[in-house]
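[1] this is the structure alone, sequence omitted:
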């Protein structure tokens, strides 16, 4: 079972081989805290994030809680370096896309969800490439 610090190091050392531009997500990674959850609580998801408060419009700052972005992760992910790299890549890809989309503006909640749905398939592709890298 890897620690979060070990997981971040695995990501930093390997993501450039998969997608060199993902280095731009390192600043997001430094602001992420994880909550390890049981598979049952994750309800079939390996990881998830969401703004801490439900709103009608979101700004990038709304994804932070006490200066941190909280990502819930199935604790089984931390048993595999491949899973760690793939799942972190997936979540950070989406979060970086959200940050780039919103910028200093805001976005309606429904439009944000549509956007996340749109980038999800690209995040899955990156996740799969990352898993194959290790």
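    That came through fine. All values derive from a computational prediction rather than experimental measurement.
[2] so where does residue 34 fall, helix or strand?
    Using DSSP states H and E, the element containing residue 34 is strand 32-37.
[3] that strand: partners in the sheet, and parallel or antiparallel?
    Next to strand 32-37 in the sheet, as set by DSSP bridges, lie strand 69-74 (parallel).
[4] other residues contacting the partner strand?
    With contacts defined as Cβ atoms under 8 Å, 6 or more residues apart in numbering, strand 69-74 is touched by 28, 31-39, 41-42, 45-49, 52, 63, 87, 91, 95. (Each C-beta comes from the backbone N, C-alpha and C, glycine too.)
[5] is residue 53 in a helix, a strand, or coil?
    The local conformation at residue 53, judged by DSSP: H, G, I helix; E, B strand; the rest coil, is coil.
[6] which outside residues touch the strand holding residue 34?
    Strand 32-37 is contacted from outside by 4, 7, 68-75, 78, 92, using Cβ under 8 Å, 6+ apart.
[7] now do the same contact list for the residue of the chain positioned farthest from its centre.
    Largest separation from the mean C-alpha position in the chain: residue 56, at 22.0 Å (Cα atoms, centre = their mean). Residue 56 makes contact with 108-109, according to Cβ under 8 Å, 6+ apart.
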